[in-house]
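In: Requesting a structural model of the entry that follows:
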Amino acid sequence: MKLLSKYNLKEKSWIFYDWANSAYSLVVVTAILPIYFKYVAGSAGISGADSTAYWGYASSFASIIISLTAPILGTLGDYQGYKKKFFDFFAFAGILLTLSLALVPNKSWVALLIIFMLSYVSFQGANVFYDGFLVDVTEDERMDDVSAAGYGLGYFGSSFLFILVMILQVTNGFGKLDTSTVTKISFVLTALWWFLFSIPFFKNVKQVYSVEHVKSPVKESFLRIAHTIKEIRKYKNIVFFLVAYFFYIDGVDTIFTMASSIGVDFGIDTNKLIIMLLLINFIAFPFTILYGKLATKFGTKRMILVAILTYAFISLFAIFIQTITQFWILAVLVGMSQGGIQALSRSYFAQMVPKENANEFFGFYNIFGKFSAIMGPLIVGFVGQLTGKSQYGMGALVVLFLFGGFLFWIQKEEVK
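Out: As a prediction, the model looks like this:
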């Protein structure tokens, strides 16, 4: 691929893992499994409201598990030789568990839910180490570009598998398969996609920066975390960024996850929402790359602020939406900024932290990122119910962007 010609082998291999695992996020978590779970639960006599609640509980519980364990996993990964072993374990576990989804009997909704939770924990666990490997594969001055390429290729690549899966879904396997079988084939294809495009990472990415190995790494990891917290004043600029990140990334994630529900309120049918999701992914690809290039030229912090202001405009624009055309415009705006703000936040943080302790700090980064997904949906739900219009709830998210953006703006800059 000509786009990747400027990257070295380690950088390419790291970038392609985003291409590999984004298929799981889009196909399994977002599009296919939630609907299939409701079908399986319904076949077992579980009501629609109950199955939705169970899915929500499972997703939240899995997120809490990885959020609470991320710092200790990250700290363990900093020891020499551990980071790759942990990454391999979680990545292979996620791939095998995704494949296992296809083996669950049609009415075994509990087993389906348990395997999903385990696969999601594995997926997120691998990402803790994947993010931490950014410091091992490239130099500080190339991190924005490399991180953006990862997110951009992830959006782009996962769309191809998603299109294939949707063709199988819409045509019922070209008229030869039932819905359940097609769905299970989708899980198999996702697992194979994840594995095949992860091979370069498995082969070529190695840990460069590390903490010297000790006899009791688990015990020492807890002691290191305690020491980091105790000496938090030394890292106050990192903490300041994480607090700002907590607020603005909450708004970003909420807009993406709640947009479909608001689209339904506008009367947009499922097929159009799926097309809209694909549109966001395809637009995100070039604009994420563009954000990386602009960050190299104008500075990472400046471009993150541009993305935050764009999202503040998106949330306010949502208040005045009256037509489907305007909703499409909102989707385009989301696609233009979503990958950029995610990629640059990751590379900005990677340039701030001590390289030999990168995984420990990325563990905290993941905590702030995962727990941020609590406040935004509550704001949207509360304001939406209070006003009777869900779009007003999205408009209220501007508070998160303005507050998070302000904290980020006044933070003392330590990277370019």
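In: where along the stretch 151-300 of the chain do the helices fall?
Out: Remark: helices assigned in the stretch 151-300 of the chain by DSSP state H, counting those that start in this stretch are 179-196, 199-204, 217-230, 236-265, 270-298, 300-319.
In: in the fifth one, what's buried?
Out: Of the residues in helix 270-298, those with enough neighbours to count as buried (16 or more other CB atoms under 10 Å) are 273-274, 276-281, 283-292, 294-296. Every residue, glycine included, has its C-beta placed from N, CA and C.
In: Does anything pack onto it? Which helices or strands?
Out: Judged by 3 or more CB pairs under 8 Å, 6 or more residues apart in numbering; DSSP states H and E, the packing partners of helix 270-298 are helix 143-175, helix 236-265, helix 300-319, helix 324-352.
In: what angle do the longest one and helix 270-298 make?
Out: Okay, so that is helix 143-175. Interaxial angle of helix 143-175 relative to helix 270-298 (axes from the mean of the first three to the mean of the last three CA atoms, to 10 degrees): 160 degrees.
In: ok, now the third one?
Out: Compare the direction of helix 300-319 with that of helix 270-298 by the same axes, to 10 degrees and you get 150 degrees.
In: Quick one: mean pLDDT for helix 300-319?
Out: For helix 300-319, the mean pLDDT works out to 94.
In: Pull out the buried residues from that helix.
Out: Buried residues in helix 300-319, counted by 16+ other CB under 10 Å: 300-301, 303-308, 310-312, 314-315, 317-318.
In: coming back round to it: can you list the helices of the stretch 151-300 of the chain in a markdown table and add distance to Y120?
Out: Converted to a markdown table, those look like this (distance: least, CB to CB, whole Å):
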| stretch | distance to Y120 |
| --- | --- |
| helix 179-196 | 13 |
| helix 199-204 | 20 |
| helix 217-230 | 23 |
| helix 236-265 | 14 |
| helix 270-298 | 19 |
| helix 300-319 | 26 |
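In: any idea which of the ones you listed scores lowest on pLDDT?
Out: helix 217-230 (a mean of 71).
In: one step back: report the two of the buried residues of helix 300-319 separated the most.
Out: Across the buried residues of helix 300-319, no pair lies farther apart than T300 and A318, at 27.4 Å, counting by CB to CB.
In: Excluding chain neighbours, what is closest to L112?
Out: Leaving aside its chain neighbours, L112 sits nearest to V104 (4.7 Å; criterion: CB to CB, 6 or more residues apart in numbering).
In: Dihedrals phi and psi, the one you found?
Out: Phi and psi for V104, reported as degrees, to the nearest 10, are phi -70, psi 130.
In: And for I72?
Out: In terms of degrees, to the nearest 10, the main-chain angles of I72 are phi -70, psi -40.
In: For it, report the pLDDT, please.
Out: Looking at I72, its pLDDT reads 85.
In: Same question for the one 10 residues further on.
Out: Looking at Y82, its pLDDT reads 86.
In: Quick check: it touching P217?
Out: Yes - using CB atoms under 8 Å, Y82 makes contact with P217 at a distance of 7.0 Å.
In: between those two, who's got more neighbours?
Out: Set Y82 next to P217 and count neighbours by other CB atoms under 10 Å: Y82 wins out with 21 against 18.
In: The more buried one and L97, how far apart?
Out: To L97, Y82 is 22 Å away according to CB to CB, to the nearest Å.
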